[in-house]
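Asker: whatever this is, show me its structure:
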Amino acid sequence: MLKNCKNIYKKIIKSNNGLAALLVVLIIGASSLLMARGAMFLSIGEADMGETVSKSGGAYYSAESCLEEALLRIKRDNNFSVDNLELTVNGNLCVIDVSGTDTDKDILIYGTSGVYQKRLRASLSINAGEITIKTFESF
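Answerer: Residues are numbered from 1 along each chain as shown. Just a heads-up that it's a prediction; the model follows:
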């Protein structure tokens, strides 16, 4: 009886050689698919992050461009003052607020790109036509 069981076991082993190879291939294939899926999700996350950086950078650069525009207008006219002047820079909106006297100015800029916003604030002193930026902050 024991000899009979050994013979049956040997027959099963011999007939399942292909089955073992198939099982190994399936395990390796499933592992590869899981790794590819993880890499895909990582790539999608990186692409989203890149888009966010790009759009938030667009908001910052539109605000910076409007700050330069405000500085040019102040340089031309020391008495320049404005509330909610809207400008478009490369399809991005920015709003300029300039207040103060002819020797001291406060500038507040709101730059937007899609849903992203960037604000810049600068304080200036003007002496004999020369503009000096006392403080500058980005938030």
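
Asker: list the contacts of the residue lying closest to S56 once chain neighbours are set aside.
Answerer: Using C-beta to C-beta, 6 or more residues apart in numbering and skipping the chain neighbours, the partner closest in space to S56 is Y116 (4.5 Å). (C-beta placed from N, C-alpha, C; glycine too.) Neighbouring residues of Y116 by C-beta atoms under 8 Å, 6 or more residues apart in numbering: 52, 55-56, 58-59.

Asker: take these and write them to JSON lines, including neighbour count.
Answerer: Formatted as JSON lines, these follow (neighbours: other C-beta atoms under 10 Å):
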{"residue": "T52", "neighbour count": "13"}
{"residue": "K55", "neighbour count": "16"}
{"residue": "S56", "neighbour count": "17"}
{"residue": "G58", "neighbour count": "20"}
{"residue": "A59", "neighbour count": "22"}
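
Asker: JSON lines for these, including secondary structure?
Answerer: As requested, the contacts of Y116 are arranged in JSON lines below (DSSP: H, G, I helix; E, B strand; the rest coil):
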{"residue": "T52", "secondary structure": "helix"}
{"residue": "K55", "secondary structure": "helix"}
{"residue": "S56", "secondary structure": "helix"}
{"residue": "G58", "secondary structure": "helix"}
{"residue": "A59", "secondary structure": "helix"}
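
Asker: where exactly do the strands run in this structure?
Answerer: Under the criterion DSSP state E, the chain carries strands at the ranges 82-89, 92-100, 104-113, 116-127, 130-138.
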